[in-house]
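**Q** Need a 3D model of the sequence below.
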Amino acid sequence: MAGIRRRDRSEVSIVTKYFLFFQCFIMWLVGLALMAVGAYILTYKKKRVRDAIDFFLDPSCDLCLAGSVAFFVSFFGCMGSLRENVVFLKIYYYFTAIFLLGEVVLAILVFIFYYVPDVRQKLHLFPEETFRDAILKYRDDPDMQNLIDNFQTSMECCGLSNDNEGYKDWNNNVYFNCTASNPSPERCSVPPSCCRIKPGDTTNILCGAHINKIDKGGFVVPQDVSRIYTKGCLKALGDWINAHSLMIGGILIGILIPQVIFICMARNMIDSVKVQLHKQRLNEERQLRQERQRDQNTERY
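**A** Numbers count the residues shown, from 1 in each chain. Got it, this is the predicted structure:
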């Protein structure tokens, strides 16, 4: 009908708007769940964080951190897409782009660490120095102990250095230190998680005992190391990356491509909302001019 004014078509795509909204809403719920689980674990075990190593190598702290980031970023994406708010959409867009860039940089650093040792030395990329604190706190923090044990068992390694004699790292621990003055019963030993276990066998907690020995001259002499894994865990991780490079590449692509899509959708929606707001301003100005013209015509007659 001629009397009914036709509504202008919105520049914002309904598909883009609600796809981005539901994706962000799901991530918001996931972030909330991760925060709740992490906070519950921290409260239950009365965890005390003393430094950065305690924080980043603790799974419950990592859950809280990941959940908080996901909750924060997805909130702006969710509300920005639903309300077509440019400011919220920009916050979501920039944070997601920063995370994507960080993941790419991290992948490059891992590649440099394992494949370009000369550049690694110039850039001072030595995770061994960071993980040495984890070795020192092995018996003092149950969470750290479980994390290291699980990593050594799954990667079939011992110690955290990037060489084939990683088991020697345990000489830095006050309990395993191989010196004559050490009163610990675990002196000159390594944790049971370093042991080679055949399929079907149970772990012998004494299999890593007295791997080293102090000779008459006071020097540390390795004993029968065939019953333990000697390779450092960073070295084992590098070997695992070499053996599974195609799978890792596929996983990275599977993670990065959706993020790129969401970033493009957010950017597209920001531009669409700006165009829509510009159209609304033009319509309001046109309506205002028409009303003024009608008022002038009314005064004239």
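**Q** which element is the residue nearest to Arg139 when sequence neighbours are not counted on?
**A** Excluding the flanking residues, the one nearest Arg139 by CB to CB, 6 or more residues apart in numbering is Tyr175, at 5.2 Å. All C-beta spots, glycine's among them, are computed from the backbone N, C-alpha and C. Here Tyr175 sits in a region with no helix or strand, counting by DSSP states H and E.
**Q** go on, Ile197?
**A** Going by DSSP H and E, Ile197 is not part of any helix or strand.
**Q** Next, count neighbours for it.
**A** 16 (other CB atoms under 10 Å).
**Q** next one: the one 10 residues further on
**A** Residue crowding around Cys207 was assessed by other CB under 10 Å; the count is 17.
**Q** just checking, Leu63 touches Ala33?
**A** No. Counting by CB atoms under 8 Å, Leu63 does not reach Ala33; the two are 9.4 Å apart.
**Q** These two: who's more crowded?
**A** Leu63 (20 against 14).
**Q** State whether the more buried one is indeed within a helix.
**A** Yes. If the criterion is DSSP: H, G, I helix; E, B strand; the rest coil, then Leu63 is within a helix.
**Q** Contacts only, for it.
**A** Leu34, Met35, Val37, Gly38, Ile41 (CB atoms under 8 Å, 6 or more residues apart in numbering).
**Q** for Asn182, helix, strand, or coil?
**A** coil.
**Q** so who does it touch?
**A** With CB under 8 Å, 6+ apart, Asn182 has these contacts: Val174.
**Q** Against Asn173, how distant is it?
**A** 10 Å (CB to CB, to the nearest Å).
**Q** Ok, Cys64 next?
**A** Distance from Cys64 to Asn173, counting by CB to CB: 28 Å.
**Q** can you check Asp141 too?
**A** 12 Å.
**Q** ditto for Cys157
**A** Cys157 is 16 Å from Asn173, by CB to CB.
**Q** ditto for Gly67
**A** 32 Å.
**Q** cool, Tyr93 as well?
**A** Distance from Tyr93 to Asn173, by CB to CB: 47 Å.
**Q** Name the nearest residue to the residue nearest the centre of the chain, sequence neighbours excluded.
**A** Centroid-nearest residue in the chain: Ala66, 6.9 Å away (criterion: CA atoms, centre = their mean). The shortest distance from Ala66 to any non-neighbouring residue, by CB to CB, 6+ apart, is to Leu34 (5.6 Å).
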